[in-house]
Structure formats: structure tokens, C-alpha cells
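A.B. asks: whatever this is, show me its structure:
(chains A and B)
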Number of protein chains: 2
Amino acid sequence: MTIKISIDCMGGDHGPSVTIPAAISFLQREPDAELILVGQEELLRAVLRKQKQADIARIHVRHASEVVTMDDPIEVALRRKKDSSMRVAVNLVKDGQANAAVSAGNTGALMAVSRYVLKTIPGVDRPAICTILPNQKDGPTYMLDLGANVDCEPQHLHQFALMGSAMVSAMEGKPKPSIGLLNVGEEEIKGNEVVKQTAELLHADHEKGILNFYGNVEGNDIFEGTTDIVVCDGFVGNVTLKASEGLGRFVKIVLTTEFKKGFFNKLGALIAYGAIKALSRRLNPSRYNGASLLGLRGLVFKSHGGADVYAFEWAIRRAYDAAKYDVLSRITTTMAELIPQVEALHVAERAATSTELTEQKTV
Amino acid sequence: MTIKISIDCMGGDHGPSVTIPAAISFLQREPDAELILVGQEELLRAVLRKQKQADIARIHVRHASEVVTMDDPIEVALRRKKDSSMRVAVNLVKDGQANAAVSAGNTGALMAVSRYVLKTIPGVDRPAICTILPNQKDGPTYMLDLGANVDCEPQHLHQFALMGSAMVSAMEGKPKPSIGLLNVGEEEIKGNEVVKQTAELLHADHEKGILNFYGNVEGNDIFEGTTDIVVCDGFVGNVTLKASEGLGRFVKIVLTTEFKKGFFNKLGALIAYGAIKALSRRLNPSRYNGASLLGLRGLVFKSHGGADVYAFEWAIRRAYDAAKYDVLSRITTTMAELIPQVEALHVAERAATSTELTEQKTV
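C.D. replies: Numbering: from 1, shown residues only, chains lettered A, B, ... in the order given. Presented below is the predicted three-dimensional model:
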């Protein structure tokens, strides 16, 4: 089956000079893929010619006259630039011409545009950003939300857990991936009210066999791989992710500096190069580039703005895999199954309240 | 001037086998220090004899019959174990017999006991946990709160900023250390309501010359050393700190594994050893061990439960420095200066409200 991915070629810090070589490299590896490159047509064709890929069969170019910049406020992206490469790429998903879209453009704009164009899946109040991080067990830890929702209620975190579970189950072929709720301690009494109430919702789902809820996890569990999925609000997720990236860069700087000033000099630098490469291979954010915007009626993937060719290709790969493993229909089904339960709960609550009222009256 | 530190020798995962050698090593380096070792007297004296330090002049032993375990609920530590080594160590600070206390015991219990025994400084609603982290600029980043307060209001974060500023000014000799407010973006429109309102309070202080408020910072800024101080609520702080520690351990594991399986084998391992040591020297949490419980009428420092001798000695060093640089009176003065302002604000608010009411009546 051919899978079509639309790519916002103008997004990110580098634009077509990164997105197009990444697209070409991806196509060479993936014979079942077709890519729709979206952006200023002349520019895109020029880059393609330069790459000697002007006539490659599985590449289509779609013109879009505008570009959402990294500094554009959400309102501008949403209301003024209706022919932006970002918007056109997402539109192609909506119209069924692409199975997924990828953009390295600004996160807030991409989320707003995607939400406006695609709408949310029934049962999802708010879409979330989900990415994978490396862990000690050599597998990925899926973490969400990473910044779309800075204030969350328990039902939002609950929905993130359900969406994450459906996604990991599809992507990793794990029928019941384990879910950890990010907290300040493992004990149930720990945490703030939102987290405690979320834990109750997740426990209830676990009892019913809907989810595999591990319980609370702490910051270190993300990289220890204690659970397949870590759920948190977007504030905590965003800060944690950026702190980890910052620490990663710091480690790289220290290693490079230390090796260079070591006794062994050139030999040290050579070995250091290997070590840093090995470290990069396992920890480098590039390999884990490509966050999904979950909860929309279409697949959209966000690449880091500063992604290089290698990293951007990973984001395309992520989108391709999500389409291939049918993540969208898995999430839609999961959320749909839950809606009657949630409604039943509401009916039960209303009934309980009215009974209480009746009882109060009788007393 | 002699500085006396009381040490809860029974706390932490290892008890006297770690705390006593650390105390001895610290005394050897610091001729102006006196240490009061608190715990089960016989046991402490036995360890001292084993260390051939039974008669060291600047060590005093104070018996305490009980021990707060790592699993003890706060209520037990607070109400049942009134003669615990932790409580006695904090009591010594209250009674003026020690300038600061150090414990590797469980954080919740230490905070509860310290708060109960010492009470908070006027102007402080809630004490906070503050630690230092390494940064790329080779200086420390002070971060608070790290878990004492999982739900914060703007005035709490505001107080954390003031306390942090007073502490860093004393410890680092910086008259106006810079303060960053941890957020999901640098722009003022970013973040949740609590953070936005906190930013307003901090901006107002900055205008008045009370604080040096840099503005919002992101997770990566912690390790980049963008500001001297990073302020956040205890939930975010705790998760971020533990995630960073987890990532640090992960890096160490990957490096060790990669070097061992490299071409160079023994030589690689040797260089790796040096590199990991260098990395440890700059990034190792041990060197940054010793978090302060800020906002109490006495200095209390918390060591990691799993600290080794080297790390625990750093916690003693931290407590010693805080006493030497008079952190307590600096914080007390700062908060006291602010109280009239806060009260004036309340008076002004009340006046404004009553004027509004009068105006409404007149209308």
C-alpha cells in the first residue's frame, strides 16, 4: 500500500535546504512512500534540481504562496496566512490526499492550524503533543503532553493516557502498553489534586481492563523505561523535555572539552568522537525527532525547528509509521468505545444527585 | 568564628557508616567547624572508634533514642518519634547550640519536623527546598522549590524568588542575582495563570529595585546557566530534578558500555574512566548534594538519602557555608523589608474596595 505524506517544506529554521534532502533520502529508503512537497513552487523545484531529483516519480510539488514564520503569532498563522505551506500540508490530510502531514514550523501555529482544519476526535477535549524518548531498556518511552495544554483537568490527563495507549499499542505492537502518571513520588498520597484524581480514573480503567495502569512514576522513570507511556500536563512535560535536552547538550560540551584537553590528545579525541557518536546514537534527540499531535481527525507530526536532514527524515519516518500502523483509527476506536461509558457515568452521577436531593427532601 | 553543625547520623540509606566518615573528613578540612553527631550513642561511639577518631576534639556526640526511617509517614516522625536523631538535630538549631542541621533522612519528615520545631520566618507562607545544579557557565544554578509545595499560588512563587535571591546574594557574593521564572516559553503570554501572575509580581519588584528579574526561562536554561536562580513550583521542580538525575545515570551507563565494547578495549576503558570522572566532576549530583530548607527560622540541609561519604560531606559543607555567610539573617531581613509593602498593598486594596463601594452607593 502506498502511503502519502505531505511535507511543509518551508517550516523550521532551515526550510527546503533541510526538508527536501530529508524527503529524498526517505523516499530512497521507503519504496512504498509518496511525498507531497508543499511550499513556494519555484524554490522547491530549484532545490530539487540542485539535488538532481527534478523528475523523481514519487515526489509531487504543491504550491503554497505563504509561509508561517517561527515568530508568527497564532492568530496570523490561523487567520491571515490561509495559503501557508503549513496549512496546505494539513489541508491535504483533511482532503484525504495525504495520510499524514509533517512540519518543522512553530508548534503553537501548527497545533492551532491542525486543530482548526482537522477538528478533534469525538471524546477528545484537547489534542496533546506526544514524543518518544530513549530509555535504559533500549526502547522508547512515549511521553505526553509536551506543551499543548499548560493547565489540565483530570479528564484531560485521562484522555492523554487513552490516546497514548492506543498509539503505542499500534506503533509498538504491544496490546496493553503500561502507563505511568508523572508525579513527585510513587505513593498514592503524593502529588497535587489533579494528579490524584487522574490516578483514580486510570485505576478504574485498569480494573475494567481498558488500560494497563502502572501507577505513579517519577522523573527518573522516564529514562529508566519503567513504563511504555508517561502522562503529564503540558507544563511539566515541556519543562522536563527541554531540561533533558539542555542537560544532553551540556554533557556533549563537557565530554568534547575534557577529551580535547586530556593527555591523549589526538587519540583521545578519536575515541571521544566514537563515544560521543555512540552516545548520540542512543540519546540524540535527532533520532527521536517527530512529535505527534494526538487527538485530531488526521495525523500531523511536528519536527524540531532546528532539525537537520537526518533529524527531519526521522520525523517523516514517524509520520509514515503512524499512517502504516493505522494509529488514527486505533485512537478513534478507543475514544469511541469510551464515550458511552463516560455518558453512562454522567447519567449515573445525575441520577445519584437527584436521589440525594430526593432523600434530602424526605429527611 | 566557630561554626557548629548538628548532624542526624542515623538518616539516609547508610546511616553512621556514611555520615560519620563524612563528618570526620569535613572536620579535617575545616578547622573552624565543630560537629554534633546525633544518634544512638553506643553505635556512634563504636563507629568513631573504628575510624580511630574516638577522642577528636571538635566532635560531640548527642544521644537520640529513636530513628525516623525512610518509610515513616510524616505523622510518625512528627508525633511518635520525639526523640529521633532528626528531631534532636533540628532542636539543637532551635536552641542555638548548632548553627545549622544536616540530615539524609526522608524529605517529607525532615520538612515537617523542621517546620514544626523552627517555625517559618515572618513573611514566608511556605518553606521551599532549594538546591544547586551545575551549568555550562561553570557556576551553580540555584533552583527552588523542589518538592515541598506541589500546588503553589503566585505569592508563594514570589516568596521563593525573594528567599532565593537573599540566599544566592549571601552564598555567592552577588548583590543582585538574576531570577528566572520557569515556564514553557520566554514570551510573557506563555504559561499558566499562576506563572503569569507571578511574573507580574516579580516585574513589580524588579521595577522597585528589590529583585533582578530576568523574565521567563525554559527547561534548558537551567543547565545553560541563563539565570542564577530558577523559580518553579515543587511539582515541576521535583520532576525536572529527578528526570535530570535519571538522564545523568543513563548517560553514564551508555558511556561505560560503549567504551567497554570499543575497539580500543583497555585503553578505551582507561580514557573512558577519565572522561566519566571528568563528567562526574562537573555534573555529578554528589558534588551538588545538600538542599536547603528555606524559609525556616533556622538552617536545615537535606542530603540525598543514598549519598556516599563524598556526597554527604558536600551537604555538610553547604550547611557550613550557609551559616558562615549568614544566609538566615539575610533571608529574614529581606522578608521583613517586604512585609510592610505587602501590608501597605493590602491596606491600599481595602481602601480601593471601600472607595468603590462608597462610589457605588453615591451613584
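A.B. asks: by mean pLDDT, flag the weakest helix or strand of chain A.
C.D. replies: The weakest-scoring helix or strand in chain A, judged by mean pLDDT, DSSP states H and E, is helix A:265-283 (a mean of 67).
A.B. asks: just the element for the spatially closest residue to residue A:286 that is not a sequence neighbour, please.
C.D. replies: Sequence neighbours aside, residue A:311 is the residue nearest to residue A:286 in space, at 3.7 Å (criterion: C-beta to C-beta, 6 or more residues apart in numbering or on different chains). Using the backbone N, CA and C atoms, a C-beta is placed for each residue, glycine as well. Using DSSP states H and E, residue A:311 falls within helix A:309-324.
A.B. asks: buried stuff in that helix?
C.D. replies: Residues of helix A:309-324 classed as buried: A:309, A:311-324 (neighbour count, 16 or more other C-beta atoms under 10 Å in any protein chain shown).
A.B. asks: out of those residues, the closest to chain B would be?
C.D. replies: Checking the buried residues of helix A:309-324 against chain B by C-beta to the nearest C-beta gives residue A:311 as the nearest, at 16.7 Å.
A.B. asks: do I have it right that that closest one meets residue A:317?
C.D. replies: No - using C-beta atoms under 8 Å, residue A:311 is not in contact with residue A:317; the gap is 10.5 Å.
A.B. asks: residue A:320 contacts residue A:7, doesn't it?
C.D. replies: No - with contact defined as C-beta under 8 Å, residue A:320 does not count as touching residue A:7 (11.0 Å).
A.B. asks: residue A:189: neighbour count?
C.D. replies: 10 (other C-beta atoms under 10 Å in any protein chain shown).
A.B. asks: for it, what are phi and psi?
C.D. replies: Dihedral pair for residue A:189: phi -80, psi -10, per degrees, to the nearest 10.
A.B. asks: same deal with residue A:132?
C.D. replies: phi -110, psi 150.
A.B. asks: what residues are bridge-paired with it?
C.D. replies: residue A:142 (DSSP bridges).
A.B. asks: if I look at it, how far off is residue A:251?
C.D. replies: Per C-beta to C-beta, to the nearest Å, residue A:132 is found 20 Å from residue A:251.
A.B. asks: same deal with residue A:10?
C.D. replies: As defined by C-beta to C-beta, residue A:10 lies at a distance of 33 Å from residue A:251.
A.B. asks: then residue A:65?
C.D. replies: 43 Å.
A.B. asks: the more surrounded of those two?
C.D. replies: More neighbours surround residue A:251 than the other of residue A:65 and residue A:251, with 22 against 13 (other C-beta under 10 Å).
A.B. asks: that one is in contact with residue B:278, isn't it?
C.D. replies: No - judged on C-beta under 8 Å, residue A:251 makes no contact with residue B:278 at a distance of 11.0 Å.
A.B. asks: next up, the contacts around the residue of the stretch 1-150 of chain A found nearest chain B.
C.D. replies: Closest to chain B within the stretch 1-150 of chain A is residue A:150: 4.5 Å, counting by C-beta to the nearest C-beta. By C-beta atoms under 8 Å, 6 or more residues apart in numbering or on different chains, the contact set of residue A:150 is A:233, A:234, A:235, A:238, B:184, B:190, B:191, B:192.
A.B. asks: and whatever helix or strand the third one lives in, what's buried?
C.D. replies: Think residue A:235. Assigned by DSSP H and E, residue A:235 falls within helix A:234-261. By neighbour count with 16+ other C-beta under 10 Å, helix A:234-261 contains the buried residues A:234-248, A:250-252, A:254-255, A:258-259.
A.B. asks: equivalent analysis for stretch A:178-188, please.
C.D. replies: Under the neighbour-count criterion of 16+ other C-beta under 10 Å, stretch A:178-188 has A:178, A:179, A:180, A:181, A:182, A:183, A:184, A:185 buried.
A.B. asks: for the second one, give its distance to residue A:309.
C.D. replies: Looking back up the chat, that one is residue A:179. 34 Å.
A.B. asks: by contact count, what packs against the helix or strand where residue A:157 lies?
C.D. replies: Assigned by DSSP H and E, residue A:157 falls within helix A:154-172. Using 3 or more C-beta pairs under 8 Å, 6 or more residues apart in numbering or on different chains; DSSP states H and E as the contact test, the elements touching helix A:154-172 are strand A:128-134, strand A:140-144, strand A:178-182, helix A:193-207, strand A:229-231, strand A:291-294, helix A:309-324, helix A:327-362.
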